[in-house]
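S.K.: Here is a sequence together with a model predicted from it:
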Amino acid sequence: MLLVKTLRGMEYVAGDRIREKLGDVKLEIRPSGYLGLVIVHSDDVESVKDIPEIETIIPIGIVCKADVDEIVSKAEEIVEMAGEFDSFAIRTKKRGKKHEFSSSDVSVRLGAKIKEMTNADVDLDFPDKAIYVEIIGERAYIGVIDGRDERRKYTPEKVDSRKLLSKISLVQMPYLEESAREMGEKIGRSAQTFEVKELVVAPFGYVNAYELEAFIRGVRRGIVSRLDIQRKAYAREVKEVKVYVQDIFQTARDKRRKGNVLIVTDPVGKQIRDVKDELGRDLKYADEVVVFMGSRQGIPKGVFRLADYVIDLSPYVTFATEHAIPASVIALICVYEEFVDV
C-alpha cells in the first residue's frame, strides 16, 4: 500500500495518472474527506514516482487503529520493517480533531519505545530512517522512508548562507519622487528576506524631506510584512533588519576600514567571473561586506575610488531598482559558496 500526497485539488488528476501506470488499481481518493491524499492499494513505488502531480510517496507497511497504545504496540514491527539504522525520526501527522491525543504524544511515546528497543539516536534533522505515522480518521498508516530520500531544505552539504548574510551591510540610495513609498516597501522586503546586518538609506546633497519620509515609511512597511511571514515560516528566531540614514559619502568613509570589503554595483564595473577568486576569499574572511546600490541615479563616481570592487552583475542589462538587492546578494552567495567549507 502507498500513501500518496499531492497539492490540494490535484488528487483526482494524480489518481488518473496512477491508473495509467498501474492499470485498474484500487484507489482511495481524499480518504475521510481529507484533501491532498490518495491511498493506492499497490506496492509499486517505482512505477508512480515520476508522476509530477505527486508530492510525496510513503510506502505503508502497517495499518492499525488510530490509538496511541495501538500505534506504540507496533514498535517491534516497525523496527523490523526499517532494517538496520543508527538514528531515526518519527514524523507524525494527525488529521481531525476527534482524537484524544496530539501528534507529539504519538511521536514521543513511539520514539521512546523504539529507542529503548534499538538504542538508536533520535535525529530529527538527518536520520538514517524516517518513520511516518499518518493518521487519517480512525486509522493510522505507518511507513518507513530512508532518511536520504527525504526532501529537506537544510542538509549538511549545503553552505549556510546566513554566515555571509549576517555581515552584509546594504547601502541603498533612496528612490524619490513618485512611487517612493511603493519602492521603499519592495526594498524593505528584499532586505528583510535575507536578514542582512543592516540597511543604510544613503542620499547625498539636498533631498525632499517628504519624499525621503515616504521612502523610509515604505521600507519599514516592507520589513514588517516580510518579518511577520518569516516568524511563521521559520522554526528559529528571525532577526529584524536595522535601518539607518546617512550621507552616502560619509557612509563610504566610515565603512572604509580594515577588515571590511566595499562593493559597488554599476554597469561600468567588471564581470563577477573576472574577480570571483579574489572576491570569494575576501567574502570569506571579511568582518563586514558593504554593498552600494544606486537608484534612479547611479552611485557617485567618487565612491568608486573607495571601493574594493566595482561589479557589473549583468552586462548590457540595467536592473530595476527593486531588483538590485536580490540580484547582488544572490550573486555574492554564489561566489561565497565556492570558498567556504560546509
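M.R.: Nice, thanks for sending it over.

S.K.: What count of nearby residues applies to the closest residue in space to E288 that isn't next to it in sequence?
M.R.: Nearest residue to E288 in three dimensions, chain neighbours excluded: N260, at 4.6 Å (Cβ to Cβ, 6 or more residues apart in numbering). Any C-beta I mention is one placed from the backbone N, CA and C, and that applies to glycine too. For N260, the tally of surrounding residues (other Cβ atoms under 10 Å) stands at 17.

S.K.: Is N260 in contact with A286, as I believe?
M.R.: Yes: in this structure, N260 is within contact of A286 by Cβ atoms under 8 Å, at 6.4 Å.

S.K.: that older thread, list the contacts of the residue nearest to E288.
M.R.: N260 sits next to A286, D287, E288, V289, V290 when contact means Cβ atoms under 8 Å, 6 or more residues apart in numbering.

S.K.: what residues are up against the residue nearest to the first one when sequence neighbours are not counted?
M.R.: Spatial nearest neighbour of A286, excluding adjacent residues (Cβ to Cβ, 6+ apart): V261 at 4.4 Å. Counting by Cβ under 8 Å, 6+ apart, V261 touches D282, L283, A286, E288, V289, V290, D308, Y309.

S.K.: 7 Å instead, please
M.R.: Applying Cβ atoms under 7 Å, 6 or more residues apart in numbering to V261 gives the contacts D282, L283, A286, V289, V290, D308.

S.K.: Among the residues you listed, which lie within strands?
M.R.: With DSSP state E as the criterion, strands contain V289, V290 from among the contacts of V261.

S.K.: What is the nearest of the contacts of V261 to S87?
M.R.: L283 (33.9 Å; Cβ to Cβ).

S.K.: Low-confidence stretches in the stretch 201-342 of the chain?
M.R.: Applying pLDDT under 70 to the stretch 201-342 of the chain flags residues 341-342.

S.K.: which residue of this structure sits farthest from its center?
M.R.: Within the chain, the residue lying farthest from the chain centre (Cα atoms, centre = their mean) is Y206, at 40.2 Å.

S.K.: buried set for stretch 8-15?
M.R.: Across stretch 8-15, burial judged by 16 or more other Cβ atoms under 10 Å covers M10, E11, A14, G15.

S.K.: Next: stretch 108-125.
M.R.: Within stretch 108-125, the residues that qualify as buried are R109, L110, G111, K113, I114, T118, A120, D123, counting by 16+ other Cβ under 10 Å.

S.K.: Touching, I136 and S32? I think so.
M.R.: Yes: I136 lies in contact with S32 (Cβ atoms under 7 Å); the separation is 5.4 Å.

S.K.: Of these two, give the one with the bigger neighbour count.
M.R.: I136 (21 against 12).

S.K.: Hmm, M183 is touching T321, no?
M.R.: Yes: using Cβ under 7 Å, M183 and T321 qualify as a contacting pair, with a distance of 6.1 Å.

S.K.: So these two - more neighbours on which side?
M.R.: M183 (24 against 18).

S.K.: From H323, how far out is that one?
M.R.: 11 Å (Cβ to Cβ, to the nearest Å).

S.K.: Would you mark the buried spots in stretch 313-326?
M.R.: Neighbour counts over stretch 313-326 (16+ other Cβ under 10 Å) mark L313, F319, T321, E322, A324, I325 as buried.

S.K.: typed the wrong thing, it's stretch 272-289
M.R.: Neighbour-count burial for stretch 272-289 flags I272, V275, K276, L279, G280, D282, L283, A286, E288, V289 (criterion: 16+ other Cβ under 10 Å).

S.K.: Which of those residues fall within helices?
M.R.: Residues of the buried residues of stretch 272-289 located in helices (DSSP state H): I272, V275, K276, L279, G280, D282, L283.

S.K.: Now the third one: closest residue in space that isn't a chain neighbour?
M.R.: If you skip the residues right next to it in sequence, K276 has V335 as its closest partner in space, 5.1 Å away by Cβ to Cβ, 6+ apart.

S.K.: For that neighbour, give me its contacts.
M.R.: I272, K276, L279, G280, L283.
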